[in-house]
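In: sequence and predicted model, in that order:
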Amino acid sequence: MAHGPILVLAATGGQGGAVTDALLGRGARIRALVRDPGRSAARQLAEQGVDVVAGSLSDRELLATAMKGVAGVFAFTTPFEAGVEAEVGQGRAILSAAAQERVPHLVFSSVAGADQDSGVPHFESKARIEAELTAGDVPYTILGPTYFFDNALGGARRILDGVLDLPLPPDRPLQQLARLDLGAFAAEVLLNPAPYLEQRIELASDAPTPTQMAAALSAALRRDVRHEYVPLTSIGNPDMHAMWAFLNGPGYRVDIPALHDAHPEIRWTGFADWTDRTWATAR
């Protein structure tokens, strides 16, 4: 493996932060691309010995500068600020910069289900980026995270009031991933790339039903939390409506036992354990 640093894009965000933490835990040299090096999270990384550089996911020139001499790159794109076309633009900027700098290994965090013709706009945008990545010359690994445990935090107020709102039947399993597990898996791929080159690997930590999720939250909070079904018709955002329609239909298809058996080096996180750790301070 090359001896340069690992570049983590959006290193203070949810995914980038998890990858950066995992790499720090393994003593890796890290270069972190952030929007604002003056923010406290970026300054904390610098204090831990991380080489913090300014840039954005859509600025090809700054991306190329950040990629100079790296051993690998963890790449991430998002449609949730400027839309799916802007996300595809981010992907193209990242891939163009990586090709120019002859990056030896690019790990792209996509989404599970992006290869299923899901009809979900933010899945399809990542599928377009994947297609350009696999057709190019940059050595790659694609990771496909499922729904993150952390997404439940979006309804934190309602959960504390005793209600878990989800547009799923109570007995429908939902494959989900701990950001901690994504970070650990991505760090392993970045530091030991050979077994993972040209692979697309979908990731899930657990697959609790809404009823099981509510029970785990009840135990962690020591108060009753019940699942309340949210009708799909009440979801006005077209992208989110399409995603929940997909999750009510074909859904993710990660073979969780096979994944975990193949990667015992990852301390896969159960939803109940994550819930207990995450919500303990809210008791």
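Out: Arrived safely.

In: and the closest residue to Val189 other than its chain neighbours, how many neighbours does it have?
Out: Nearest residue to Val189 in three dimensions, chain neighbours excluded: Tyr196, at 4.7 Å (C-beta to C-beta, 6 or more residues apart in numbering). C-betas here are computed from N, CA, C, even on glycine. As a burial measure, the neighbour count of Tyr196 was computed by other C-beta atoms under 10 Å and equals 20.

In: same deal with the one 3 residues further on?
Out: Applying the criterion other C-beta under 10 Å, we find 11 residues in the vicinity of Gln199.

In: coming back round to it: for Glu188, see how far away the residue nearest to Val189 is.
Out: If you measure Tyr196 against Glu188 using C-beta to C-beta, to the nearest Å, the figure is 8 Å.

In: surely the residue nearest to Val189 meets Thr141?
Out: Yes: under the criterion of C-beta atoms under 8 Å, Tyr196 lies in contact with Thr141, with a separation of 4.4 Å.

In: overlap in contacts, the two.
Out: For the pair Tyr196 and Thr141, residues contacting each of them under the criterion C-beta atoms under 8 Å, 6 or more residues apart in numbering are Val189.

In: and the strands in this protein, which stretches?
Out: 6-9, 30-34, 51-54, 72-76, 106-109, 140-145, 147-148, 163-166, 176-177, 200-203, 226-229 (DSSP state E).

In: most packed of these?
Out: strand 6-9 (a mean of 30; mean count of other C-beta atoms under 10 Å).

In: which other helices and strands contact that strand?
Out: For strand 6-9, the elements it packs on are helix 14-25, strand 30-34, helix 60-67, strand 72-76, judged by 3 or more C-beta pairs under 8 Å, 6 or more residues apart in numbering; DSSP states H and E.

In: format those as JSON lines; extra columns: distance to Tyr252.
Out: Shown next, in JSON lines, are those (distance: least, C-beta to C-beta, whole Å):
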{"stretch": "helix 14-25", "distance to Tyr252": "17"}
{"stretch": "strand 30-34", "distance to Tyr252": "29"}
{"stretch": "helix 60-67", "distance to Tyr252": "30"}
{"stretch": "strand 72-76", "distance to Tyr252": "19"}
